[in-house]
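Visitor: Quick check, what structure comes out for this input:
(one chain, ligands or ions: 1)
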Amino acid sequence: MAVDWALGGPDLLVALDRGAGPLRNQIQDQLRTAIREGRLGAGERLPSTRRLSELLGVSRGTVVDVYEQLLAEGYVESEVGSGTRVATMPAGAAQAPGFVAESPPAPRPTEVDFEYGIPDLGSVPLTDWSWAVSEATRTLPTTELGDEAPAGSRHLREVVTAYHRRVRSGCAVADEAVVVSGFRQGLAFVLATLARHGLTRIALEDPGPREHDVIARRAGLDAVPVPVDDHGVDVSRLHETEAQAVLLTPAHQCPTGVALSPMRRRDLVAWADEVDGFILEDDYDAEFRYDRQPVGSLQGLNPARVIALGSVSKTLAPAIRLGWVLAPARFVEGIIEEKRLSSRGAPGLDQEALALLMETGRFDRHLRRVREIYRTRRDVLAAEVESVFGPGRLQGMVAGCHALLRLPDGTPESAVVETAASMGVRVNGLGHYRFVPADAKGEPEPLPPALVLGFGNVTEQRIKRGIHTLAKAVERHSPR
Ligand SMILES: Cc1ncc(COP(=O)(O)O)c(C=O)c1O
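Guide: The predicted model follows:
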């Protein structure tokens, strides 16, 4: 998209040499070159003639002449009320080396996007958020407008830990909380801290969220896969990895949708005690449980060994970019140190706004509202899949905003994904989330073909349309 500088026009760097020939030609040549080289992009607004003449100290008539010349040559376009803008260069136009065409050929637009992990963006409580920001701006003492306390806003840490105790059965207190800019940032800080405490190997779910292996290696850790089955992460296989830490999504496994079973929860906590290890709990999707009350955070079960990471990216919106780490006291200083070295903290007014949103019950009210939206979408997805693909094909429906659609045995998953994309439906196969280290010996155990269907940000109409398109894509590649 072109940059739309404010009316009246921006400053523009044109260097004039008053002893080197007509000024008109100098301005013209420099603008032509800037457009050819792409330094001024198609659609970008040029300064008004008045503004440019003032900037350059030349008569307005000179600039008018320059613009008229460039207009005649096709470099710029002009419309009443919209000023003079850089024209789109026609294909094959003389282009200097390095010129980048503004518009590559448009890919087929995505009509239905089943990418997991996007909340219903149309339901983000913007009125409440704008109330909270304005309240924060009105009430936050000016003394709080300097660099933040290294752990983040005390108010937000109090509120978040109280929320975690009340809603997630956790037991952390404010001194064990660090505010971060979302789960991922928290993860990087935690891994770097654990590495400095002697951790060398971490197990990651396979299949699991992408790129966590990259983040772990950046922290100097050896990342190894641990399989996930119908009960969640396989704890007996975790023993075999000889890892001293594991990162997992127990409330709703990403991407299989399995909730960690009660027995596995116990086994996992026992494993941590046995190996003197740590559980990194990505409390992802925990607020959205449909068949029963949400199951409490593992942090409440074993606070000395569990580090809980939370974020509002799924509950409110990724754009708010706030999250928290709840860690045993002995790691808190290290996590704060990582944070301090990488940034001076998260936006203070937004932290205060989030604290107010949560404290006043607006956050809970929002969750109650979107939970019903997701439940309806989930039910529509279940009904549609059953009518099109037959019963028993969906997994992971008890919680969250994504489910796993198991395809008939032998279906080539990636071919289906590609065909669906060509029909306007974006979806990922289960294979997209595999974690197979580059140095793995032998082939990994194959997974059955399946598609990961995120439905948080997909309306019911689109869910129906998307499932019908997926059925056609699967049919096209049917092994029969
Ligand atoms: C598995 C999982 N956990 C947590 C998050 C939230 O991450 P962040 O808070 O950095 O947006 C995501 C985001 O996509 C995710 O996929």
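Visitor: how deep is Ala15 tucked in, by neighbour count?
Guide: 8 (other Cβ atoms under 10 Å). (Each C-beta comes from the backbone N, C-alpha and C, glycine too.)
Visitor: Over to it: give its phi and psi.
Guide: With angles defined as degrees, to the nearest 10, Ala15 sits at phi -100, psi 120.
Visitor: correct me, but it touches Gln30?
Guide: Yes: under the criterion of Cβ atoms under 8 Å, Ala15 makes contact with Gln30 at 7.3 Å.
Visitor: Mind telling me what element Trp5 is part of?
Guide: Per DSSP states H and E: Trp5 is located in neither a helix nor a strand.
Visitor: With Gly392 instead?
Guide: In this assignment (DSSP H and E), Gly392 forms part of neither any helix nor any strand.
Visitor: Any idea how many residues pack against it?
Guide: Using other Cβ under 10 Å, Gly392 has 9 other residues around it.
Visitor: Need phi/psi at it.
Guide: According to degrees, to the nearest 10, the main-chain angles of Gly392 amount to phi 80, psi 20.
Visitor: Same check on Asp282?
Guide: Asp282 adopts backbone torsions of phi -90, psi 100, taken as degrees, to the nearest 10.
Visitor: And the pLDDT for it?
Guide: At Asp282, the model reports a pLDDT of 97.
Visitor: thought it was touching Val246?
Guide: No: with contact defined as Cβ under 8 Å, Asp282 does not reach Val246; the gap is 10.8 Å.
Visitor: Against Val474, how distant is Gln395?
Guide: Going from Gln395 to Val474 by Cβ to Cβ, to the nearest Å gives 16 Å.
Visitor: Neighbour count for those two, which is higher?
Guide: Val474 (23 against 15).
Visitor: Would you mind naming the helix or strand containing the more buried one?
Guide: Assigned by DSSP H and E, Val474 falls in helix 460-476.
Visitor: Need the CA coordinates for that helix. PDB is fine.
Guide: What follows is helix 460-476, C-alpha atoms only, in PDB (Å, rounded to 0.1, in the frame of the first residue of the first chain):
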ATOM      1  CA  GLU A 460     -20.600 -19.600  10.500                       C
ATOM      2  CA  GLN A 461     -21.400 -18.900   6.800                       C
ATOM      3  CA  ARG A 462     -17.700 -19.100   5.900                       C
ATOM      4  CA  ILE A 463     -17.200 -22.200   8.000                       C
ATOM      5  CA  LYS A 464     -19.900 -23.900   6.000                       C
ATOM      6  CA  ARG A 465     -18.400 -22.700   2.700                       C
ATOM      7  CA  GLY A 466     -14.900 -23.700   3.700                       C
ATOM      8  CA  ILE A 467     -15.900 -27.200   4.700                       C
ATOM      9  CA  HIS A 468     -17.700 -27.800   1.400                       C
ATOM     10  CA  THR A 469     -14.600 -26.600  -0.500                       C
ATOM     11  CA  LEU A 470     -12.300 -28.800   1.600                       C
ATOM     12  CA  ALA A 471     -14.600 -31.800   0.800                       C
ATOM     13  CA  LYS A 472     -14.100 -31.000  -2.900                       C
ATOM     14  CA  ALA A 473     -10.300 -30.700  -2.500                       C
ATOM     15  CA  VAL A 474     -10.200 -34.000  -0.600                       C
ATOM     16  CA  GLU A 475     -12.400 -35.700  -3.200                       C
ATOM     17  CA  ARG A 476     -10.000 -34.600  -5.900                       C
END
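Visitor: Close to the ligand: what parts of the chain are there?
Guide: Within the chain, the positions adjacent to the ligand are 117, 182-184, 209, 249, 254, 282, 284, 311, 313, 318, 323 by Cβ under 6 Å from any ligand atom.
Visitor: So what does Val235 look like in phi/psi?
Guide: Main-chain torsions, Val235, degrees, to the nearest 10: phi -70, psi -30.
Visitor: I'd like the residues of the chain next to the ligand as a markdown table, with distance to Asp128, secondary structure and neighbour count appended.
Guide: A markdown table is the format used below for the residues of the chain next to the ligand (distance: Cβ to Cβ, whole Å; DSSP: H, G, I helix; E, B strand; the rest coil; neighbours: other Cβ atoms under 10 Å):
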| residue | distance to Asp128 | secondary structure | neighbour count |
| --- | --- | --- | --- |
| Gly117 | 22 | coil | 19 |
| Gly182 | 20 | coil | 19 |
| Phe183 | 22 | helix | 21 |
| Arg184 | 25 | helix | 19 |
| Pro209 | 29 | coil | 24 |
| Thr249 | 28 | coil | 26 |
| Cys254 | 27 | coil | 25 |
| Asp282 | 26 | strand | 26 |
| Tyr284 | 23 | coil | 24 |
| Ser311 | 18 | strand | 24 |
| Ser313 | 17 | coil | 20 |
| Pro318 | 17 | helix | 15 |
| Gly323 | 19 | strand | 23 |
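Visitor: No further queries at this time; thank you.
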